[in-house]
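Trainee: Provided below are the primary sequence and the corresponding predicted coordinates.
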Amino acid sequence: MFTAVPCTVREDGAPMRKSFDRQRPLTHLWLDHPQAKHLEHMAQLLDALPEATELAFGDLVAAGVDPHLGRQGMSAEQVLRVLILKQMQDFSYEELEFHLADSATYRAFCGLGIADTAPSKSTLQRNIKVISEQTLEAIHRMVVACAKREGVDNGKRVRVDSTVINAAIHPPTDSSLLKDSVRVLTRLLSRARRWTKKKSTDHRRRAKRRALGITHARSAEQRLPLYRDLIAVTKKTLRAARVASSILPRVQAGKEQAEVDRLVEQLRYHVLAAERVLDQAERRVLRGQSVPAQQKVVSIFEPHVDVIVKDHRETLYGHKVFFSAGASGLVVDVVVPRGNPADSAMATTMMTRHVEICGEPPKQAAFDGGFASQSNLDALKGLGIRDVAFSKRRGLDVMEMVKSPRIYRALRNFRAGIEGIISYLKRAFGLARCDWRTLASFRAYVMASVIAANLLTIALGVAR
């Protein structure tokens with residue numbers, strides 16, 4: 001029998017338990033296979049971190065669902081494990097649902113009993129997205145401390161570099177942003193008509209044709225009249241949306257009031273977004289002005305996305321992410337700042353955080369050439385780092401950075417290894433592109449992938 005424990009309710013009414021009850025459910029035996037052995041050891045590592053489950057449980061309870069209603073459902077421990085499995089295998093929620101129903105090894109890792117029904121993809125998504133970036137960062141630090149205890153990595157040698165992780169948006173053009181604005185506002189107006197009793201013309205087909213014509217136009221002279229018409233269509237739709245957003249707040253909808261309030265909030269947001277898109281299009285297309293990157297709208301759905309120009313040649317849409325990794329390949333730290341900070345602005349920050357995570361500064365640190373500056377070298381030496389090597393010296397003296405040219409060459413070669421680590425994270429752990437929305441979810445996605453990669457690194461390190 002199961003004992004009663006605090007819980008929250010998942011989407012279908014099932015409660016969320018903190019962890020497995022006193023008696024675990026009967027689960028499948030682990031297969032005698034290397035991948036199964038790695039997952040088994042990862043499960044043992046998580047068993048040794050009950051504080052991680054406590055943090056996940058706190059997020060689930062804070063979601064605001066009554067913990068005393070519903071039948072028995074997923075535990076907080078299971079939610080944390082399915083999140084790690086999802087990132088480790090780069091599964092979609094639909095794929096995760098299938099593999100949890102199909103694979104005995106994955107069910108054993110996630111603590112699903114033989115008689116348990118696999119959670120649906122909507123239940124998985126609802127529960128996983130509740131785990132916050134702060135909780136995942138705290139769990140990440142627990143995993144790094146575990147790696148030190150297991151002797152996998154002592155944090156004495158560290159290498160730092162940055163990369164860009166793409167957001168899930170299409171390449172932004174003025175025409176596509178205008179078309180998106182018309183499409184979303186028209187959809188919201190269609191929902192609002194039930195209460196406003198106001199009819200509005202559906203311009204989505206016209207906007208789509210104009211955007212398609214702009215895409216295939218061969219010259220600016222051909223594009224300009226199409227843009228003028230697309231802007232006019234967007235303004236008509238925007239006027240109707242403003243009228244609806246002024247009427248809806250006065251509507252008394254009774255039991256449906258919450259739905260009306262959500263609709264008002266969505267309309268207000270997309271009205272403001274459409275106004276920014278219109279202003280940007282008129283400035284760029286009609287008046288021939290340039291819009292600074294900080295003011296550009298690149299998505300009406302993901303306003304947090306940064307425009308990042310890499311190496312003065314490639315424009316990316318997502319966030320710049322800074323990684324520091326140890327000699328074992330363990331990712332000691334990951335930071336997702338706002339904007340597009342220069343690498344040189346983050347060198348001291350990364351090493352200060354390293355001291356917080358590991359309790360002491362590394363003896364040796366290797367950085368990409370973009371981090372190099374005299375002020376950074378002085379600050380890093382001031383933190384107590386004995387040898388600091390930048391892959392490009394940029395006027396710095398080798399003997400000022402390290403004790404000998406041999407050490408400098410060794411650290412420069414050591415730094416190159418983080419390129420492979422970042423590539424590994426992008427190929428195997430889904431960090432080439434983040435499909436989660438909002439900046440907080442973006443950071444949580446990155447941190448969850450790093451936790452999964454670190455647990456596997458520990459499992460492989462102990463196996464050796």
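Mentor: Cool, the structure landed.
Trainee: residues making contact with stretch 411-422?
Mentor: With C-beta atoms under 8 Å, 6 or more residues apart in numbering as the contact definition, stretch 411-422 has outside contacts at 157, 159-161, 163, 323, 325, 327, 329, 331, 364-368, 387, 389, 391, 402, 431. Where you see a C-beta, it was placed from the backbone N, CA and C, and this is true even at glycine.
Trainee: Just the CA trace of it, in PDB.
Mentor: The C-alpha trace of stretch 411-422 is given here as PDB (Å, rounded to 0.1, in the frame of the first residue of the first chain):
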ATOM      1  CA  LEU A 411      46.300  25.600 -21.800                       C
ATOM      2  CA  ARG A 412      45.600  26.900 -25.300                       C
ATOM      3  CA  ASN A 413      45.200  23.300 -26.600                       C
ATOM      4  CA  PHE A 414      43.100  22.500 -23.500                       C
ATOM      5  CA  ARG A 415      40.700  25.400 -24.300                       C
ATOM      6  CA  ALA A 416      40.100  24.000 -27.800                       C
ATOM      7  CA  GLY A 417      38.300  21.100 -26.100                       C
ATOM      8  CA  ILE A 418      35.300  23.200 -25.100                       C
ATOM      9  CA  GLU A 419      34.400  23.600 -28.800                       C
ATOM     10  CA  GLY A 420      33.800  19.800 -28.800                       C
ATOM     11  CA  ILE A 421      31.800  20.000 -25.600                       C
ATOM     12  CA  ILE A 422      29.500  22.700 -27.000                       C
END
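Trainee: Now do it, average pLDDT.
Mentor: Averaging pLDDT along stretch 411-422 gives 94.
Trainee: buried ones in that stretch?
Mentor: Of all the residues in stretch 411-422, those buried under the rule 16 or more other C-beta atoms under 10 Å are 411-412, 414-415, 418, 421-422.
Trainee: mind listing which of the contacts of stretch 411-422 are in strands?
Mentor: 157, 159-161, 163, 323, 325, 331, 364-367, 387, 389 (DSSP state E).
Trainee: Could you dump those into JSON lines with pLDDT and neighbour count added?
Mentor: Output for the ones in strands among the contacts of stretch 411-422, formatted as JSON lines (pLDDT from 0 to 100; neighbours: other C-beta atoms under 10 Å):
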{"residue": "Arg157", "pLDDT": "95", "neighbour count": "19"}
{"residue": "Arg159", "pLDDT": "96", "neighbour count": "26"}
{"residue": "Val160", "pLDDT": "95", "neighbour count": "23"}
{"residue": "Asp161", "pLDDT": "95", "neighbour count": "24"}
{"residue": "Thr163", "pLDDT": "94", "neighbour count": "20"}
{"residue": "Phe323", "pLDDT": "96", "neighbour count": "22"}
{"residue": "Ala325", "pLDDT": "95", "neighbour count": "28"}
{"residue": "Val331", "pLDDT": "96", "neighbour count": "26"}
{"residue": "Gln364", "pLDDT": "95", "neighbour count": "19"}
{"residue": "Ala365", "pLDDT": "95", "neighbour count": "28"}
{"residue": "Ala366", "pLDDT": "95", "neighbour count": "28"}
{"residue": "Phe367", "pLDDT": "95", "neighbour count": "30"}
{"residue": "Asp387", "pLDDT": "94", "neighbour count": "20"}
{"residue": "Ala389", "pLDDT": "94", "neighbour count": "25"}
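Trainee: Could you pull out the strands in this structure for me?
Mentor: Under DSSP E, the chain gives strands at 7-9, 15-17, 157-167, 306-310, 314-326, 331-335, 364-367, 387-390, 433-434.
Trainee: Can you tell me which of those has the worst average pLDDT?
Mentor: strand 7-9 (a mean of 45).
Trainee: in the stretch 201-350 of the chain, which spans are helices?
Mentor: 204-216, 220-247, 257-281, 347-358 (DSSP state H, counting those that start in this stretch).
Trainee: Tabulate those (TSV), appending mean pLDDT.
Mentor: Shown next, in TSV, are those (pLDDT from 0 to 100):
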stretch	mean pLDDT
helix 204-216	94
helix 220-247	94
helix 257-281	93
helix 347-358	95
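Trainee: Could you say which one of those helices comes nearest to Ile84?
Mentor: Ranking these by proximity to Ile84 (C-beta to C-beta) places helix 347-358 first, at 19.5 Å.
Trainee: ok, and for the closest one, which residues are buried?
Mentor: By neighbour count with 16+ other C-beta under 10 Å, helix 347-358 contains the buried residues 347-348, 350-351, 353-354, 357-358.
Trainee: Who are the packing partners of it?
Mentor: helix 133-149, strand 157-167, strand 314-326, strand 331-335, helix 374-382 (3 or more C-beta pairs under 8 Å, 6 or more residues apart in numbering; DSSP states H and E).
Trainee: mind checking how far it is from the chain centre?
Mentor: The chain centroid and the centroid of helix 347-358 are separated by 21 Å under C-alpha atoms, centre = their mean, to the nearest Å.
Trainee: what angle sits between it and helix 133-149?
Mentor: 70 degrees (axes from the mean of the first three to the mean of the last three C-alpha atoms, to 10 degrees).
Trainee: the inter-axis angle of helix 347-358 versus helix 374-382?
Mentor: Interaxial angle, helix 347-358 versus helix 374-382 (the same axes, to 10 degrees): 20 degrees.
Trainee: And for the residue lying closest to Val335 once chain neighbours are set aside, the neighbour number?
Mentor: Sequence neighbours aside, Phe322 is the residue nearest to Val335 in space, at 4.5 Å (criterion: C-beta to C-beta, 6 or more residues apart in numbering). Residues contacting Phe322 under the criterion other C-beta atoms under 10 Å number 21.
Trainee: swap in the one 10 residues further on?
Mentor: In terms of burial, Val332 registers 27 neighbours under the definition other C-beta under 10 Å.
Trainee: right, and it touches Gly326 too?
Mentor: Yes. Using C-beta atoms under 8 Å, Val332 makes contact with Gly326 at a distance of 5.5 Å.
Trainee: Show me whatever sits in contact with both of these two.
Mentor: Contacts common to Val332 and Gly326, judged by C-beta under 8 Å, 6+ apart, are 153, 155, 158.
Trainee: Could you find the closest non-adjacent residue to the second one?
Mentor: I take that to be Gly155. Spatial nearest neighbour of Gly155, chain neighbours left out: Cys358 (3.9 Å); criterion: C-beta to C-beta, 6+ apart.
Trainee: and the one you found, what does it touch?
Mentor: Cys358 sits next to 144, 148, 155, 332 when contact means C-beta under 8 Å, 6+ apart.
Trainee: Go through those and say which is closest to Phe98.
Mentor: Comparing those against Phe98 with C-beta to C-beta picks out Val144 as the nearest, at 32.2 Å.
Trainee: For Thr457, see how far away that closest one is.
Mentor: Noted for Val144: a distance of 10 Å to Thr457, by C-beta to C-beta, to the nearest Å.
Trainee: and for the two, which residues touch both?
Mentor: Common contacts of Val144 and Thr457, defined by C-beta under 8 Å, 6+ apart, comprise Leu330.
Trainee: thinking again about what came up before, may I see the helices of the stretch 201-350 of the chain organised as JSON lines, with distance to Lys129 added?
Mentor: Output for the helices of the stretch 201-350 of the chain, formatted as JSON lines (distance: least, C-beta to C-beta, whole Å):
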{"stretch": "helix 204-216", "distance to Lys129": "29"}
{"stretch": "helix 220-247", "distance to Lys129": "28"}
{"stretch": "helix 257-281", "distance to Lys129": "18"}
{"stretch": "helix 347-358", "distance to Lys129": "26"}
